[in-house]
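Sequence below, structure please.
(chains A, B, C and D)
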Number of protein chains: 2
Amino acid sequence: MPTASEFEQMLRRASLRVTSPRMAVLSAVHEHPHADTDSIIGVVRDRLGTVSHQAVYDVLKALTTAGLLRRIEPPGSVARYEARVGDNHHHVVCRSCGVIADVDCAIGHAPCLTASDDHGFSIDEAEVVYWGTCPACKSATA
Amino acid sequence: MPTASEFEQMLRRASLRVTSPRMAVLSAVHEHPHADTDSIIGVVRDRLGTVSHQAVYDVLKALTTAGLLRRIEPPGSVARYEARVGDNHHHVVCRSCGVIADVDCAIGHAPCLTASDDHGFSIDEAEVVYWGTCPACKSATA
DNA sequence: AGCCAAACTTGATTGATTCCAGAAAATCCG
DNA sequence: CGGATTTTCTGGAATCAATCAAGTTTGGCT
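Predicted coordinates:
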């Protein structure tokens, strides 16, 4: 877990002003990977008191654009955010409870990046979502 | 393109009653792959006159559950439907205009199904979204 | 023909996300 | 330090896909 001053440096390096909502959001996402916006709002308010949901939405968008956060949108779920950026990793989603876990690419840096027929598209990224059942749900149904 | 009587058989085989909204939706999705719900409503109304959006939502859900349609939800887009089901194919999405094209799996039947660390999940499906630029947008910016 | 469950209609509601305009705060520069 | 400029934050309203609820119609079967 990065320290407060490291979060500050991340913001400054991205040419973003250092504000308490930004610090709180950044640290909240680091603490709760794959959290949805509403949970993040809750965590931020626990720490700072009153913060508008609009501010959190703005901050999340700014940090995502700056590359400090990554936005993921698993089908059937609202938008979620994670702090692990810059590497090519994917996600497993539990069909029954919806939890998400990180999965490193099995094949290499760009898995499945070579489509059999790309229809003339210039493909620059492949995003993989694995569907399955998490250990907790497996033992619950057993 | 299947004929009307083939659509009818598909519905009956799935134990679904044959109604004009269902026939119209089924054929609309066959004619317009990757269409969103709103476009489908438009096509259906062109053919049948007044149809409630609720009916279309219901039909789409019923047909998806029955396995006659597949629902896809590319991040940043609303839900879309396609009639190509039962095979393991993926999609390319254009970053600039949003068009979607089908892509057959390059590696085999279940690409990237072996994650390096599955965190104990039982993975049964891998869904791949390729991001890139479509030929039309490439030539537009050139 | 006539029943009954499934399907459709109308109309309202939810819930995530975005838009807007004014107030507040942070950075820059002298 | 202090003022001007720019960005951010606040609070409320608006949007849009999607869902819910209650009542009416219709397809499939006897």
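
Run through who's touching the helix or strand where A:S39 lies.
Assessed by DSSP states H and E, A:S39 sits inside helix A:37-48. If you take CB atoms under 8 Å, 6 or more residues apart in numbering or on different chains as the criterion, helix A:37-48 is touched by A:20-21, A:24-25, A:28-29, A:31-32, A:35, A:51, A:53, A:56-57, A:60, A:78-79, A:81. Where you see a C-beta, it was placed from the backbone N, CA and C, and this is true even at glycine.

Which of those residues fall in helices?
A:20-21, A:24-25, A:28-29, A:31, A:53, A:56-57, A:60 (DSSP state H).

Most neighbours out of the residues you listed, which is it?
A:V25 (30 neighbours; other CB atoms under 10 Å in any protein chain shown).

Per-residue pLDDT of the nearest residue to that residue once chain neighbours are set aside, please?
Taking CB to CB, 6 or more residues apart in numbering or on different chains, and ignoring the residues beside it in sequence, A:V25 has A:V59 as its nearest neighbour in space, at 4.6 Å. Looking at A:V59, its pLDDT is 95.

Contact partners for A:V59?
Contacts of A:V59 by CB under 8 Å, 6+ apart are A:21-22, A:25.

now A:A28: how far from A:V43?
For A:A28, the distance to A:V43 (CB to CB, to the nearest Å) stands at 4 Å.

Between the two, which contacts overlap?
A:A35.

residue boundaries of the strands in chain A?
Taking DSSP state E, the strands of chain A run over residues A:35-36, A:70-72, A:80-82, A:89-94, A:100-104, A:122-133.

any idea of the angle the last one forms with strand B:89-94?
What that stands for is strand A:122-133. Angle between the axes of strand A:122-133 and strand B:89-94 is 140 degrees (criterion: axes from the mean of the first three to the mean of the last three CA atoms, to 10 degrees).

Could you list every helix and strand in contact with strand A:122-133?
Other elements packing on strand A:122-133 under the criterion 3 or more CB pairs under 8 Å, 6 or more residues apart in numbering or on different chains; DSSP states H and E are strand A:89-94, strand B:122-133.
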